[in-house]
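Novice: Coordinates for the following, if possible.
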Amino acid sequence: MSVIFKDHELGLRVKSKWWASRTAIYLTLLIWAVVCLFPIFWTITTSFKMAPDVMKGNLIPWWDFTPRWKGWESIGLSPRLIGEVSTVREEFFKRFWNSAVVSISASLLAVILGSLAAYGLSRFSYKFGFMKNSDISFFFLSQMILPPVVLALPFLVLYKSLGLLDSRIGLILLYTLMVLPIVIWIMRDQFQGIPIELEEAALVDGLGIWGAFMQIVMPIALPGMVAAFILSLVLCWNEYFFAALLTSTNATTLPVMVASQTGSQGINWWSMAALSSAAILPLVIVAIALEKYIIKGMAAGAVK
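Specialist: Numbering: from 1, shown residues only. Okay, here's the model as predicted:
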């Protein structure tokens, strides 16, 4: 009888410890989720505030303040102004289109070039002087160490001489170079996780190197490529420094427009918040639509 009682007591202790650990884990995750989502919550709610509510730091809608469309009216996207002609709204859509074209084009180009480079580094042996595969890979990664301000003057002079200032093509080329190193590293890890025996079997069956890459390797590596694309898209979409430096009128992107919401009375927080909310929305939609690929890419070791 005492043995049964001790076993029952031990079972209760194990179960209580399990519940305590699970509670601690979920509580930690909940706190972390609140910390991560609070900036987005603050941005969205600020777009519906009046100036006094912004200055007072009111947070909870219908409790601390009554939501208004002030921020969205400033960019012509409120329900009252949506059917009317708005110069600001046209300007917003122009900047939005510039950001979409530049970010998507640069991300696709970086994924294509980066995947080819990463496949070569993971499957073949190279030697340029003293540099071998590991040195070449580190060289690509080292390009991210330089702060953007160091490259400002060289790119400004180069783009002026080539006639690429204030052009989408100029930003696409620059953004491709900017995200290419991280894409190479992500895809190199992805390709190294694919058994080389699959390609050898494809070669024995008569496929060439390109055939094995396109028909065998690419379908397996697709989740990692999508993860690399999304990461590149986020980096390109949010880039401000070079967009502000190399554009002025025609190719200006959304981050530049968001940062320009200042006036003689200070920063128009409601306008900036409305613009930021509209700029965040496409990335959220893309992330939700491609969520399964992101998870597969991370599970396969694509993001480390």
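Novice: Every contact and neighbour count from this point should use C-alpha atoms.
Specialist: Noted.
Novice: Next one, pLDDT for residue 136 please.
Specialist: Per-residue confidence (pLDDT) for residue 136: 75.
Novice: try residue 100
Specialist: pLDDT for residue 100: 92.
Novice: now the one 4 residues further on
Specialist: Among the per-residue scores, residue 104 shows a pLDDT of 93.
Novice: Setting the sequence-adjacent residues aside, check what's closest to the most centrally placed residue in the chain.
Specialist: Nearest to the mean C-alpha position of the chain, by C-alpha atoms, centre = their mean, lies residue 234 at 2.3 Å. Here the nearest residue to residue 234 in space, its sequence neighbours aside, is residue 283; by C-alpha to C-alpha, 6 or more residues apart in numbering that works out to 7.1 Å.
Novice: Would you mind giving both backbone torsions of that neighbour?
Specialist: Dihedral pair for residue 283: phi -70, psi -40, per degrees, to the nearest 10.
Novice: Neighbours of it, how many?
Specialist: Applying other C-alpha atoms under 10 Å, we find 15 residues neighbouring residue 283.
Novice: Give me the distance between it and residue 232.
Specialist: Distance of residue 283 to residue 232, computed by C-alpha to C-alpha, to the nearest Å: 11 Å.
Novice: what's the single longest helix in this structure?
Specialist: helix 2-46 (DSSP state H).
Novice: Quick check: mean pLDDT of that helix?
Specialist: The average pLDDT for helix 2-46 rounds to 77.
Novice: Show me how far it is from its chain's centre.
Specialist: Centroid displacement of helix 2-46 relative to its chain, using C-alpha atoms, centre = their mean, to the nearest Å, is 30 Å.
Novice: before we move on, what about stretch 186-203?
Specialist: Put simply, stretch 186-203 sits 26 Å off its chain's centre (C-alpha atoms, centre = their mean).
Novice: end-to-end on that stretch?
Specialist: In stretch 186-203, first residue to last residue: 26 Å (C-alpha to C-alpha).
Novice: my guess is the residue nearest to residue 234 contacts residue 235, does it?
Specialist: No. Using C-alpha atoms under 8 Å, residue 283 is not in contact with residue 235; the gap is 10.8 Å.
Novice: can you tell me how far residue 156 sits from residue 185?
Specialist: Residue 156 is 28 Å from residue 185, by C-alpha to C-alpha.
Novice: so where's the stretch 201-304 of the chain shaky on pLDDT?
Specialist: 263-266, 292-304 (pLDDT under 70).
Novice: Do you have the helices of it handy? List them.
Specialist: Along the stretch 201-304 of the chain, the stretches classed as helices by DSSP state H, counting those that start in this stretch are 209-212, 218-238, 241-246, 254-259, 269-289, 291-299.
Novice: Neighbour count for residue 156 and residue 185, which is higher?
Specialist: Neighbours per residue, other C-alpha under 10 Å: of residue 156 and residue 185, the larger number sits with residue 185, 23 against 16.
Novice: Domain parsing of the chain, as residue ranges.
Specialist: According to automatic domain parsing, the chain comprises the domains 2-73, 87-299.
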